[in-house]
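1. Here is my input, please return the structure:
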Amino acid sequence: MDPRFDQHGTTSRRRFLRGIGVVLGLPLLESDRDIRGGEASSSPAPRRMLLISNNLGVLPGPFFPSDVGENYTLSPYLDHLRDFRDDITVFSGLSHPNVVGGHSTENCFLTGAKDPTGSGFRNTISLDQFAAEHLGQQTRFASLNLGVNVDRANRSLSWSRDGVLLPAEDRPSALFRRMFVQGNRREVARRLHQLKEQGSILDVLLDDMNSYQRRIGKGDRERLDQYVTSIRSLEQRLHTAGQWEQTPKPSVDGDPPKDILDRSQFFPKFELMLSMVHLAFESDSTRIVTLMVDGFATPVFEITEKERSLNGYHNLSHHGQSAEKIAQLQRIDHEQMRVLKRFLDQLASTSDRGPSLLDQTIVLFGSNMGDANVHNNTNLPILLAGGGFRHGKHLAFDQANNAPLCNLYVSLLQRLGIEAEHFASSTGTLTGLNQVG
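-> Have a look, this model is predicted:
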């Protein structure tokens with residue numbers, strides 16, 4: 001008998017996931033509780049969201065379809081996703097208003113914050129953190145912020161409400177330990193003590209703020225109220241984190257995946273991190289993930305086992321109409337689409353209380369660069385897959401006067417069940433993008 005199933009043919013308590021060199025024993029699943037007479041069968045599968053950005057984008061010509069609507073012709077790049085034609089929507093004519101400045105816009109892809117090259121620029125909250133705030137911490141991690149070859153000190157897709165960079169995790173082994181390795185009692189106790197000490201500091205701050213508020217004017221009180229609200233929000237997150245520290249993590253058999261330290265192994269690193277995303281969703285460790293693919297920080301790298309890039313990724317992207325460089329960039333972009341296709345295969349083949357993970361997961365792939373060769377930040381390449389939308393279309397907006405990308409973000413938030421009418425530079429939801437139900 002298959003060890004994953006009991007004598008009734010249902011999943012056993014020890015259900016295993018195999019991949020990336022490990023065997024993972026999952027905790028009690030909703031289906032298990034249903035077998036035992038619980039009420040889990042009536043609870044819908046949760047919705048999830050993955051936001052991916054390559055900060056050098058793709059060559060626009062082979063990416064965008066030449067025609068629009070439901071019967072559009074797949075472009076050379078999108079042809080790799082032919083099997084998912086009914087599960088994807090491609091967009092053209094989207095960008096962030098007043099977000100220009102070439103590569104400096106990479107940190108604004110999920111924030112839409114204006115004028116990133118202006119003096120005194122401060123970023124704003126990113127889409128993932130906005131969603132995590134409104135959904136609350138329903139899983140061990142409210143969100144995960146990941147990277148491939150990412151310059152951790154300077155680049156991130158994820159930004160706090162105060163516009164502070166949240167460093168991306170680029171080590172699969174460290175991510176694996178966070179998700180699945182419990183630690184001994186002493187380590188857990190130390191972590192709980194740290195959380196308690198942080199909570200005590202906040203208590204002192206709040207006492208001081210309450211005393212100070214009585215001595216200042218109305219305008220200052222309003223600004224201070226916003227600060228106090230942020231402190232209370234952090235206090236609640238610390239309390240929730242303490243509860244999760246005392247909740248057993250899924251058990252694990254085997255070792256964490258081995259990190260790929262060689263930055264020239266760009267595609268293997270990308271694929272490994274996507275496998276970790278799949279594992280995080282399948283184990284319900286989180287429901288919100290960002291992944292920055294940092295081409296800017298990628299040196300000369302392997303495109304295939306037989307071909308290396310002519311230059312570092314950034315220098316190559318400034319091809320200057322060199323036929324040789326353009327041809328190589330096309331091979332790179334084709335491989336990028338193959339990696340994405342294999343990830344969508346993983347999601348589509350994984351069941352989640354009936355629907356597949358792809359059905360329940362919004363996957364956004366895009367870039368802050370419309371054309372890296374000329375530092376253009378308009379007409380961004382945006383692809384949406386899964387998540388319960390009515391797909392199978394090329395939605396084209398005005399090429400000269402782009403629609404706000406944040407309109408799409410509002411649509412994504414609403415699909416997650418968040419009652420948001422506005423985000424950053426949005427003017428509403430995105431026309432033409434409809435939900436299945």
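2. didn't Leu50 look like it was pressed against Gln360?
-> No - Leu50 is not in contact with Gln360 according to CB atoms under 8 Å; the separation is 11.3 Å. Bear in mind the C-beta positions are built from the backbone N, C-alpha and C, glycine included.
3. Which one's more surrounded, the two?
-> Leu50 (27 against 23; other CB atoms under 10 Å).
4. what's near enough to touch the residue nearest the centre of the chain?
-> The C-alpha lying nearest the average C-alpha coordinate of the chain belongs to Thr290 (CA atoms, centre = their mean; 2.1 Å). By CB atoms under 8 Å, 6 or more residues apart in numbering, Thr290 lies in contact with 50-52, 110, 126, 128, 143-146, 157-158, 168.
5. can you list the domains in the protein?
-> The record's domain parsing of the chain by automatic domain parsing lists 44-180+251-415, 183-247.
6. Please state the offset of the first one from the chain centre?
-> Think domain 44-180+251-415. Relative to the centre of its chain, domain 44-180+251-415 is centred 7 Å away, using CA atoms, centre = their mean, to the nearest Å.
7. Compile the contacts of Thr290 into CSV and extend it with columns for secondary structure, pLDDT and distance to Cys406.
-> Listed next are those as CSV, based on DSSP: H, G, I helix; E, B strand; the rest coil; pLDDT from 0 to 100; distance: CB to CB, whole Å:
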residue, secondary structure, pLDDT, distance to Cys406
Leu50, strand, 98, 18
Leu51, strand, 98, 13
Ile52, strand, 98, 17
Leu110, coil, 98, 10
Ser126, coil, 98, 11
Asp128, helix, 98, 14
Ser143, coil, 95, 19
Leu144, strand, 95, 22
Asn145, strand, 96, 20
Leu146, strand, 97, 22
Leu157, coil, 98, 15
Ser158, coil, 96, 16
Ala168, coil, 95, 22
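8. Among these, which one sits closest to Asp259?
-> Ranked by distance to Asp259 (CB to CB), the contacts of Thr290 are led by Leu146 at 12.8 Å.
9. On the strand side of things, show who that closest one bridges to.
-> Glu169, Leu291 (DSSP bridges).
10. so it makes contact with Met273?
-> Yes - at 5.7 Å, Leu146 and Met273 qualify as touching, with contact defined as CB under 8 Å.
11. Are there residues contacting both of these two? Which ones?
-> 170, 291.
12. in this structure, what spans have low per-residue confidence?
-> The chain contains residues with pLDDT under 70 at 1-42, 180-255, 437.
13. Helices of that one, start to end?
-> 30-35, 60-63, 127-135, 172-180, 185-213, 218-245, 266-282, 313-317, 323-348, 357-360, 405-415 (DSSP state H).
14. thinking again about what came up before, make CSV out of the contacts of Thr290 and add distance to Asn401.
-> CSV is the format used below for the contacts of Thr290 (distance: CB to CB, whole Å):
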residue, distance to Asn401
Leu50, 30
Leu51, 25
Ile52, 27
Leu110, 23
Ser126, 25
Asp128, 28
Ser143, 33
Leu144, 36
Asn145, 33
Leu146, 34
Leu157, 26
Ser158, 30
Ala168, 33
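15. List just the nearest of these to Leu380.
-> Nearest to Leu380 among the contacts of Thr290 is Leu110, at 12.2 Å by CB to CB.
16. Report how many residues lie close to the closest one.
-> Residues near Leu110, counting by other CB under 10 Å: 31.
17. Then Glu282?
-> Neighbours of Glu282 (other CB under 10 Å): 18.
18. Who's the closest spatial neighbour of Trp159, skipping the chain neighbours?
-> Excluding its sequence neighbours, the residue lying closest to Trp159 (CB to CB, 6 or more residues apart in numbering) is Ser126, at 4.4 Å.
19. quick one: contacts for that neighbour?
-> Neighbours of Ser126 in contact, by CB under 8 Å, 6+ apart: 110-111, 157-159, 290.
20. For the residues you listed, which two are the farthest from each other?
-> Spanning the widest gap among the contacts of Ser126 are Thr111 and Thr290, at 11.4 Å by CB to CB.
21. Tell me the spacing between Arg122 and Asn368.
-> 18 Å (CB to CB, to the nearest Å).
22. So those two - more neighbours on which side?
-> A direct count of neighbours by other CB under 10 Å for Arg122 and Asn368 places Asn368 higher, at 28 against 11.
23. Report the contact partners of Asp294.
-> For Asp294, the contact set (CB under 8 Å, 6+ apart) comprises 55, 147-151, 155.
24. same check, this time on Ala131
-> Applying CB under 8 Å, 6+ apart, we find Ala131 in contact with 49, 143, 288, 413, 416, 418.
25. What residues are bridge-paired with the first one?
-> Assessed by DSSP bridges, Met49 has beta-bridge partners Ile288, Ile362.
26. Burial check on it, number of neighbours?
-> Met49, neighbours per other CB under 10 Å, totals 27.
27. That one reaches Arg287, doesn't it?
-> Yes - contact criterion CB under 8 Å: Met49 and Arg287 qualify, at 7.0 Å.
28. Could you give the bridge partners of Leu94?
-> Leu94 forms beta bridges with Ala403, as assigned by DSSP bridges.
29. gap between it and Gly387?
-> Distance, Leu94 to Gly387, using CB to CB: 17 Å.
30. quick one: contacts for Ile303?
-> By CB under 8 Å, 6+ apart, Ile303 lies in contact with 267, 309, 328, 331-332, 335.
31. Among these, which pair sits farthest apart?
-> With CB to CB as the measure, no two of the contacts of Ile303 lie farther apart than Phe267 and Gln328, at 13.8 Å.
32. Cool, thanks, signing off.
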